[in-house]
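Enquirer: Predicted coordinates and the sequence they were generated for:
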Amino acid sequence: MSKLHAATLASRRGEVDLLRQDIGNLAETGHVYLDFDHTLFLWNSTEAFLNEARPSSILAPLLKLVSGLVPWKFLGKNGYFVWRDAVRVAMVLLLAPWTLGRFRKAAPDIYARERNRLLEAAVGGLDPSRIIIVSFGLHWIIRALLKGSPFEHATIVAPGLFELPSARARGKLAMLARNGFTINPDTDIVVSDSARDDADILKAVRQAHVIRWAGENTTPAHASA
């Protein structure tokens, strides 16, 4: 079903131009579903939150320990992807709850630094009600990052902390359905950076774009600690 356009680097202007063309030809009833991490936001929203955890001398080693030593494969299929972020965020909130306030204060500046200006420009002419951010990141982290941005009041479909593992296990189509959204394969557009993580939603539409954007930030939290 899907007309999947893929690009390894967004400097391939032809792919971005094709996305702009599809958005320009969007049907009156069509919506654009945007992934957040490494798409609208060029970093990872969970890493952005965890990077604010202090004292870093204690929390950075703990985060690396959890990531590297927990036997994620015994927690079910795709255990690393399904469980790791939920466990790390829960640990930081338990051990350093002040991180939440610190992050909320820093979040708008973090987004301003890591925003995807090419994608923002591509969707800039659309009515905001036609843009839906759908993410496996945490809803409250994304909302904090978008504060003061053009997407501050955008519709966000993303899980809370306790919903995160099940949302990742079920996929984005199921998450959208649970929130009252049904994708129209003929009129809607999906934009993501990952053909693997977002396979279900990408295959659900005729106009699917997988783009690895120039300027993508893959730095983990506390990389220099």
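Expert: Looks like it came in fine.
Enquirer: residue ranges of the helices in this protein, please?
Expert: With helices called from DSSP state H, the chain shows them at 13-24, 45-50, 56-69, 79-95, 99-114, 117-123, 139-146, 164-170, 172-178, 199-203.
Enquirer: Give me the mean pLDDT for the last one.
Expert: Per-residue pLDDT over helix 199-203 has a mean of 97.
Enquirer: Low-confidence stretches in this protein?
Expert: The model of the chain has pLDDT under 70 over residues 1-13, 225.
Enquirer: Please parse it into its domains.
Expert: 3-43+114-211, 47-100 (automatic domain parsing).
Enquirer: Deepest-packed of the helices of the chain, please.
Expert: Per-stretch averages of neighbours, counted by mean count of other CB atoms under 10 Å, single out helix 45-50 among those, with a mean of 25. The way it works is simple: take the backbone N, C-alpha and C, and place the C-beta from them, glycine included.
Enquirer: What lies in contact with that one?
Expert: Under the contact criterion CB atoms under 8 Å, 6 or more residues apart in numbering, helix 45-50 has outside partners 36-37, 41, 63, 85, 88-89, 92, 99, 103, 107, 110, 114, 135, 137-138, 141-142, 145, 219-222.
Enquirer: 6 Å instead, please
Expert: Contacts of helix 45-50 with the rest of the structure, by CB atoms under 6 Å, 6 or more residues apart in numbering, involve 37, 85, 103, 110, 137, 141, 142, 220, 221.
Enquirer: Report the contact partners of the third one.
Expert: For residue 103, the contact set (CB under 6 Å, 6+ apart) comprises 49, 52.
Enquirer: How about the first one?
Expert: In this structure, residue 37 makes contact with 44, 45, 137, judged by CB under 6 Å, 6+ apart.
Enquirer: Against residue 156, how distant is the last one?
Expert: If I follow you right, that is residue 137. Noted for residue 137: a distance of 9 Å to residue 156, by CB to CB, to the nearest Å.
Enquirer: ok, now the first one?
Expert: Residue 44 sits at a distance of 16 Å from residue 156 (criterion: CB to CB).
Enquirer: Residue 143 too?
Expert: Between residue 143 and residue 156 the computed distance is 6 Å (CB to CB).
Enquirer: cool, residue 213 as well?
Expert: Applying CB to CB, the value for residue 213 to residue 156 is 20 Å.
Enquirer: what's the answer for residue 209, then?
Expert: Residue 209 sits 20 Å away from residue 156, going by CB to CB.
Enquirer: same thing with residue 114?
Expert: Taken as CB to CB, the span from residue 114 to residue 156 is 17 Å.
Enquirer: and what of residue 54?
Expert: Distance from residue 54 to residue 156, by CB to CB: 27 Å.
Enquirer: Those two: which has the busier surroundings?
Expert: Between residue 54 and residue 156, counted using other CB atoms under 10 Å, the more crowded position is residue 156 (19 against 15).
Enquirer: contacting residues for the residue nearest to residue 155 when sequence neighbours are not counted?
Expert: Distance criterion CB to CB, 6 or more residues apart in numbering; nearest residue to residue 155, sequence neighbours excluded, is residue 132 at 4.8 Å. Contacts for residue 132 were tallied using CB under 6 Å, 6+ apart; they are 31, 33, 155.
Enquirer: Now, those that are in strands?
Expert: Per DSSP state E, strands hold the following members of those: 33, 155.
Enquirer: follow-up on the earlier one: which strand residues bridge the residue nearest to residue 155?
Expert: On the basis of DSSP bridges, residue 132 is bridged to residue 33, residue 155.
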